[in-house]
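**Q** output the structure for:
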Amino acid sequence: MPRYALKVEYHGAPFSGWQRQSEHPSVQGAIEAALGKLERRPHTIAAAGRTDAGVHGLGQVAHCDLEKDWDPFRLSEALNFHLKPDPVAITACAVVPEDFHARFSATWRQYLFRLVTRRAPLTHDKGLAWQVPHPLDAEAMQAGADRLVGRHDFTTFRSSICQANSALRTLDRLDIEAVEGPSGPEIRFHVKARSFLHNQVRSFVGTLERVGAGAWSPDDVTAALEARDRAACGPVCPPHGLYLAAVGYEPDPFDHN
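**A** As a prediction, this is how the structure comes out:
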């Protein structure tokens, strides 16, 4: 059975998250249902990361096994047809070796978080960014973020229901970018690591927002990290500003150059 890698974009608002659930809509369930229209049998796909309810995908990667030899472009077109009207799109498709695994073959994952600072309610970006009504000091936030980069025990910054065996992770990048976004002043967080703990990025963002607002100092971030205690974490921000932006592989299955 040939194996295909799928690059997936989705708006997370209508879904209970990536993972298939019997009672609630999921991104995985939508794609598996579309595959069932192409080959009428049960399908199970695997993804690079299981995003939570409300989290969006720009460059999620999944893989599937099919009985037919599909041209990758025709497969993506057929899936996009059957995914309508769900806000899910296959933006790239490639044939991959049978030992390729969307999760276990990934060498890094990158997330984007969007935070808009304005008082007026969001309209076009509602559900696509976290809004706070006060300005934030991006330089102070970067100073706090720098305390988190590297290999650490991130117990403070993971959910109490996280199922990972260890809280040790290496954070490769946590960059803070202040931009003038489509809805006004925006802080963008670019976060990269091989793997993440449950709610790790949202815990980072909620904590660093407190630094930007002046309620915490960068030294407070260090103290929270070193506490290795979930109670020391700042507020956990909502999911709707978070995007799984990209997943890395060697070689990149979508690089046809």
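
**Q** low-scoring stretches of the stretch 151-257 of the chain, by residue?
**A** Applying pLDDT under 70 to the stretch 151-257 of the chain flags residues 257.

**Q** what do you get if the cut-off is 90, keeping everything else the same?
**A** 256-257 (pLDDT under 90).

**Q** how about the strands in it?
**A** Ranges of strands in the stretch 151-257 of the chain, per DSSP state E, counting those that start in this stretch, are 168-181, 184-193, 242-248.

**Q** what pairs with the last one, parallel or antiparallel?
**A** Sheet neighbours of strand 242-248, with direction, are listed as strand 56-65 (parallel), strand 108-117 (antiparallel) (DSSP bridges).

**Q** who's in contact with it?
**A** The contact list for strand 242-248 (Cβ atoms under 8 Å, 6 or more residues apart in numbering) reads 48-49, 51, 54-61, 102, 106-114, 190, 201-202, 205. Quick note: C-beta positions are derived from backbone N, CA and C, even for glycine.

**Q** can I get the strands paired with strand 242-248 in JSON lines including distance to residue 96?
**A** Converted to JSON lines, those look like this (distance: least, Cβ to Cβ, whole Å):
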{"stretch": "strand 56-65", "distance to residue 96": "7"}
{"stretch": "strand 108-117", "distance to residue 96": "18"}
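
**Q** can you lay out the ones you listed as TSV showing mean neighbour count, distance to residue 6 and mean pLDDT?
**A** Converted to TSV, the strands paired with strand 242-248 look like this (neighbours: other Cβ atoms under 10 Å; distance: least, Cβ to Cβ, whole Å; pLDDT from 0 to 100):
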stretch	mean neighbour count	distance to residue 6	mean pLDDT
strand 56-65	23	5	98
strand 108-117	22	16	98
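
**Q** of all the ones you listed, which lies closest to residue 153?
**A** strand 108-117 (19.5 Å; Cβ to Cβ).

**Q** other SSEs contacting the helix or strand that comes right after the closest one?
**A** As assigned by DSSP states H and E, the chain's next helix or strand after strand 108-117 is strand 130-132. Counting contacts by 3 or more Cβ pairs under 8 Å, 6 or more residues apart in numbering; DSSP states H and E, strand 130-132 is packed against strand 108-117.

**Q** between strand 184-193 and the strand it packs on, find me the angle.
**A** 160 degrees (axes from the mean of the first three to the mean of the last three Cα atoms, to 10 degrees).

**Q** give the rounded mean pLDDT of stretch 130-150.
**A** Average pLDDT, stretch 130-150: 98.

**Q** how about the CA coordinates for it, as CSV?
**A** In CSV, the C-alpha atoms belonging to stretch 130-150 read as follows (Å, rounded to 0.1, in the frame of the first residue of the first chain):
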residue,chain,number,x,y,z
TRP,A,130,-5.8,36.4,21.5
GLN,A,131,-6.7,39.9,22.4
VAL,A,132,-5.6,41.9,25.4
PRO,A,133,-6.7,45.6,25.9
HIS,A,134,-3.3,47.0,27.0
PRO,A,135,0.0,47.6,25.3
LEU,A,136,2.9,45.2,25.9
ASP,A,137,6.7,45.7,26.1
ALA,A,138,8.0,43.3,23.5
GLU,A,139,11.7,43.8,24.5
ALA,A,140,10.9,42.8,28.1
MET,A,141,9.0,39.8,26.8
GLN,A,142,12.0,38.8,24.7
ALA,A,143,14.2,39.1,27.7
GLY,A,144,11.9,36.8,29.6
ALA,A,145,11.7,34.4,26.6
ASP,A,146,15.5,34.1,26.5
ARG,A,147,15.4,32.6,29.9
LEU,A,148,13.4,29.6,28.5
VAL,A,149,15.6,28.7,25.5
GLY,A,150,17.8,25.7,25.9
